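K.L.:
Build me a model:
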Amino acid sequence: MNKLLAGLAAVLVSSTAIAGTKAFNLSITPEIAVYDRGETIEGVTLSIWGENEQSSLALGIANGTTGNSAGLSLGILNYAENYGGLQWGLVNCTKDDFTGWQGGFIFGVLGSVVNYTGGAMKGLQSGLVNYAGSLSGVQIGLANYAEDVEAGVQIGIVNAIRQNTAWFSQLPNELAPAMILVNWRF
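P.N.:
The predicted structure follows:
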């Protein structure tokens, strides 16, 4: 079995080198990888800890992506600069903008422990704690927070939208600065 996997990895690595594309990456750390962190991966990344700009399926314990990356990241920790697609893990963190779904599967429930998007979050965040710098979409969790909301709904125990300044005076466009069960701004 080990010879089969080693042979498969050799074929994938050599075929991508010949074609001039990086379709497959294996990584123990960003410094110990088939391709270093400066290369863009378009295909599959398998890693303990990987960090590349990519349009790929990333499977690992810690999946880091740089630049404007996209795809599906499945791991315990997923982090990115800008990302589009699905980040599925216990902790999902995007420094700038995210489009898609940040979530996971924890304690038999759909959701991660923490989802964080520092910039514009467009899509769905499902986790115990969700944070968005700017929200266009839905947050589902125990605690949801958004600095600004273009159009969004929060569903959870504690829901806060900093941009909402008054309690119930702007209905139906906004609900309140903080609410239990549900909050919104349109």
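
K.L.:
From here on, just use CA atoms for contacts and neighbour counts.
P.N.:
OK.

K.L.:
Could you measure from the residue positioned nearest the centre of the chain over to residue 166?
P.N.:
Here the mean C-alpha position of the chain is nearest to the C-alpha of residue 87 (C-alpha atoms, centre = their mean), at a distance of 3.4 Å. From residue 87 over to residue 166 the distance is 34 Å, taken as C-alpha to C-alpha, to the nearest Å.

K.L.:
repeat for residue 84
P.N.:
Residue 84 sits 33 Å away from residue 166, going by C-alpha to C-alpha.

K.L.:
In this structure residue 106 contacts residue 112, no?
P.N.:
Yes - checked against C-alpha atoms under 8 Å, the pair residue 106 and residue 112 is within contact range at 5.9 Å.

K.L.:
where do the contact lists of these two overlap?
P.N.:
Between them, residue 106 and residue 112 share these contacting residues under C-alpha atoms under 8 Å, 6 or more residues apart in numbering: residue 90.

K.L.:
which one of these two has more residues nearby?
P.N.:
Ranked by neighbour count (other C-alpha atoms under 10 Å), residue 106 and residue 112 place residue 112 first, with 26 against 14.

K.L.:
The more buried one pairs with what?
P.N.:
Beta bridges link residue 112 to residue 127, judged by DSSP bridges.
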